[in-house]
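K.L.:
Build me a model from this:
(2 chains)
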Amino acid sequence: SQQGEEDPQALSIQEGENATMNCSYKTSINNLQWYRQNSGRGLVHLILIRSNEREKHSGRLRVTLDTSKKSSSLLITASRAADTASYFCATGNQGAQKLVFGQGTRLTINP
Amino acid sequence: DAGVIQSPRHEVTEMGQEVTLRCKPISGHDYLFWYRQTMMRGLELLIYFNNNVPIDDSGMPEDRFSAKMPNASFSTLKIQPSEPRDSAVYFCASSLFIYTDTQYFGPGTRLTVL
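P.N.:
Coordinates of the predicted model:
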């Protein structure tokens, strides 16, 4: 069963704007990870946030985690054309003994 | 390290033919994963190995699919016989730990079965 569900499925914004993507999940987790996939490429890890963390930053990326609501958000500030990609959340938990990926959000940055 | 290496990058075959996809994980990684990605189903985990041993193959769609990992630096995913519905991008990934660590993905093999 799919653990993480991203919202929205697709997002189109102007270059320079901020992009926010959300991920909801159903069971308790050990960590939540965000990955990026450029067209025709493999997934690339962006950031990992553990269940006891609430916020994490990496460059222009900001990830929040609310375990009470079972949700996470990925914020990309000052978007660039190169940020155009699909973004996936993946949840890791001891019960599943594997990472479970969501369906992804397709982000398009318009110049 | 060169990252996860997959071959071939593209494969076009006819229905009924045998297809073998290959993967070399990152050296030192104990876990190896095979995924399939399609527009309809998204990213699906097919099987994963720990220290060359298959642990969870519940995602393998049918008996036509098989995977092996004869040593720590090589794995294969075989489809025999192939069908048009097997057309997809197949990714191999590796990691140090099962769910508490980053997974490193290869570039994928785009399979087209005619």
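
K.L.:
What segments of chain A are strands?
P.N.:
Taking DSSP state E, the strands of chain A run over residues A:5-7, A:10-14, A:19-24, A:31-37, A:43-50, A:55-58, A:61-66, A:71-76, A:85-93, A:98-101, A:105-110.

K.L.:
can you pull the buried residues of the first one?
P.N.:
Yep, that's strand A:5-7 we're talking about. Within strand A:5-7, the residues that count as buried by 16 or more other C-beta atoms under 10 Å in any protein chain shown are A:5-6. The way it works is simple: take the backbone N, C-alpha and C, and place the C-beta from them, glycine included.

K.L.:
quick one: that strand to chain centroid distance?
P.N.:
On the basis of C-alpha atoms, centre = their mean, to the nearest Å, strand A:5-7 sits 9 Å off its chain's mean C-alpha point.

K.L.:
Repeat that for the fifth one.
P.N.:
Centroid separation for strand A:43-50 versus its chain: 8 Å, with C-alpha atoms, centre = their mean.

K.L.:
what is the rounded mean pLDDT of it?
P.N.:
Across strand A:43-50, pLDDT averages out at 96.

K.L.:
before we move on, back to that, for chain B, find the nearest of the strands of chain A.
P.N.:
Chain B sits nearest to strand A:85-93 of all the strands of chain A, at 3.3 Å, using C-beta to the nearest C-beta.

K.L.:
So which other helices or strands are in contact with the closest one?
P.N.:
When contacts are defined as 3 or more C-beta pairs under 8 Å, 6 or more residues apart in numbering or on different chains; DSSP states H and E, strand A:85-93 sits against strand A:5-7, strand A:31-37, strand A:71-76, strand A:98-101, strand A:105-110.

K.L.:
returning to what we had before: how about the strands of chain A, which one is nearest B:Gln6?
P.N.:
Among the strands of chain A, strand A:43-50 comes nearest to B:Gln6, with 13.0 Å by C-beta to C-beta.

K.L.:
Using PDB, write out every CA atom in that closest one.
P.N.:
Presented in PDB, the C-alpha positions along strand A:43-50 are these (Å, rounded to 0.1, in the frame of the first residue of the first chain):
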ATOM      1  CA  LEU A  43      16.000   9.800  -8.300                       C
ATOM      2  CA  VAL A  44      18.400  11.900  -6.400                       C
ATOM      3  CA  HIS A  45      18.200  12.300  -2.600                       C
ATOM      4  CA  LEU A  46      17.600  15.800  -1.400                       C
ATOM      5  CA  ILE A  47      17.000  15.600   2.400                       C
ATOM      6  CA  LEU A  48      16.200  13.300   5.200                       C
ATOM      7  CA  ILE A  49      14.300  14.300   8.300                       C
ATOM      8  CA  ARG A  50      13.900  12.100  11.300                       C
END
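
K.L.:
Kind regards, and thank you for your time.
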